[in-house]
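Asks: I need the structure of the sequence given here:
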Amino acid sequence: MAKFKKKTNTSNDIPTAALPDIIFMLLFFFMVTTVMRETDIMVKQQLPRATQLSKLERKSLVSYIYIGEPKKPELFGSEPKIQVNDVFVNVDDIILFVNQEKDKLSEAERDQITMSMKVDIEAKMGLVSDVQQELREANARKLLYSSIQRIDR
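Replies: Purely as a prediction, here's the structure:
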């Protein structure tokens, strides 16, 4: 009798045709889900300590105002400055800033906007009071003072 040989046409290679598609899907996923920092803080920030803190529910409704001495005093001086959205502003420009931030929100969310003030511990209260007054005139009634939690030992 004759011996029959089995022909095997199977390959041990792994198919890599779909690999670029998978890579691009992962790339798009990380591009969409990654949150980039919106502003570059240009003022010194040593926040005061607090004993009672509460967490915000919707951070998308929060706009930040930074008050403190500039990090580069040779360019901007040593007096405390107000920073919003990567630029220094005067007290008179706060109303314009609030209106721009409200315009970014939908009509129903405009009354829910929260202004968060991150004030350096060494900043003078006169500047903070002026900013508060401008926020009242801009009808930004929800005001938040950012701080860090005090550790009691």
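
Asks: Only C-alpha atoms from now on, for both contacts and neighbour counts.
Replies: Will do.

Asks: Return the helix or strand in the chain with minimum mean pLDDT.
Replies: The weakest-scoring helix or strand in the chain, judged by mean pLDDT, DSSP states H and E, is strand 148-149 (a mean of 72).

Asks: Could you tell me which residues within stretch 89-98 count as buried?
Replies: Neighbour-count burial for stretch 89-98 flags 91, 94, 95, 97, 98 (criterion: 16 or more other Cα atoms under 10 Å).

Asks: do the same with stretch 63-73
Replies: 63, 64, 65, 66, 67, 68, 69, 70.

Asks: Distance check, the residue lying closest to the second one once chain neighbours are set aside against residue 133.
Replies: Nearest non-adjacent residue to residue 64, counting by Cα to Cα, 6 or more residues apart in numbering: residue 116, 4.8 Å away. For residue 116, the distance to residue 133 (Cα to Cα, to the nearest Å) stands at 14 Å.

Asks: ok, back up a step: compile the buried residues of stretch 89-98 into a markdown table and extend it with columns for secondary structure, distance to residue 129 and pLDDT.
Replies: Output for the buried residues of stretch 89-98, formatted as a markdown table (DSSP: H, G, I helix; E, B strand; the rest coil; distance: Cα to Cα, whole Å; pLDDT from 0 to 100):
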| residue | secondary structure | distance to residue 129 | pLDDT |
| --- | --- | --- | --- |
| 91 | helix | 10 | 91 |
| 94 | helix | 12 | 92 |
| 95 | helix | 14 | 91 |
| 97 | helix | 17 | 91 |
| 98 | helix | 16 | 91 |
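
Asks: Now tabulate those residues in a markdown table and tack on distance to residue 120.
Replies: Output for those, formatted as a markdown table (distance: Cα to Cα, whole Å):
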| residue | distance to residue 120 |
| --- | --- |
| 91 | 17 |
| 94 | 18 |
| 95 | 22 |
| 97 | 20 |
| 98 | 21 |
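
Asks: just the residues you listed now: which is nearest residue 40?
Replies: Using Cα to Cα, residue 97 is the member of the buried residues of stretch 89-98 that sits closest to residue 40, with 16.7 Å.

Asks: For the closest one, give me its contacts.
Replies: residue 84 (Cα atoms under 8 Å, 6 or more residues apart in numbering).
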